[in-house]
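> What would the 3D arrangement of this be:
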Amino acid sequence: MPFTVDPQPGEELYLLKEFRGSHGHVFAMAVSNQAVYLPSQKMTLKSDSWYFKRIPLSEVLEVGVAKQKSIYIYLLSLVMIISALLMIYLMMAPVLRGEPGRVSGWPLAILVAGLVVPFIARGRKVLSVKMRKGRYKWKPQLAIDRKTREAAAELQREILEACRKASIHNVQTE
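Numbering: from 1, shown residues only. Got it, this is the predicted structure:
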């Protein structure tokens, strides 16, 4: 489903970008000389539930890109590793005692994912739009391949440039 912008009279569109990742990850943003358009989801059961929410520039306080705090990724990784080791133990205990049991590859996959997550999340940046009433944040999906990570970073750079062009006062990068 494409995101569309209906410009107001005298509105000049500086940027209209869309990012579609794997597993239904959708992000799009538009910037004009009068407003910032952020993605929002309708609360319906339709498959076309995404649309642009128009935020006038007078409501936008700042736009920035900041590095994601590593502590959350490390905590997620630690929880995955501990739960995987516990599942491996619980799964293998009956088998090692000579009793019938069932062996699965899922705990090993969760363990490997827990070990890999900190490396693929390294350097991940979060786009933040601070408004008078609320804040919008976009965290790009965790991607193993360099192409997807670079595409998300390039999109964030283009958004910041468009916000500077639109004269949003506080455009920040870390």
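> okay, now the domains of this structure?
Using automatic domain parsing, the domains assigned to the chain come out as 13-68+123-173, 70-120.
> tell me how far the ends of the longest one are from each other?
Put plainly, it is domain 13-68+123-173. Length of domain 13-68+123-173, first residue to last, Cα to Cα, to the nearest Å: 22 Å.
> mind listing what's buried in the longest helix along the chain?
Ranked by number of residues, the top helix in the chain under DSSP state H is helix 70-96. The neighbour-count check on helix 70-96 (16 or more other Cβ atoms under 10 Å) flags 73, 76-77, 80-81, 84, 87-88, 91 as buried. Heads up, the C-betas are built off the backbone N, CA and C, glycines and all.
> and of these, the nearest to residue 153?
Distances from residue 153 to the buried residues of helix 70-96, taken as Cβ to Cβ, are shortest for residue 73 (17.1 Å).
> what residues are up against the nearest residue to that closest one once chain neighbours are set aside?
Nearest non-adjacent residue to residue 73, counting by Cβ to Cβ, 6 or more residues apart in numbering: residue 121, 4.5 Å away. Neighbouring residues of residue 121 by Cβ atoms under 8 Å, 6 or more residues apart in numbering: 68, 70, 73, 142.
> Need phi/psi at the last one.
Geometry field for residue 142 lists phi and psi as phi -70, psi 120, criterion degrees, to the nearest 10.
> Pretty sure residue 120 is one of the things it touches, is it not?
Yes: between residue 142 and residue 120 there is a contact at 5.5 Å, judged by Cβ atoms under 8 Å.
> Would you check how far apart residue 65 and residue 154 are?
12 Å (Cβ to Cβ, to the nearest Å).
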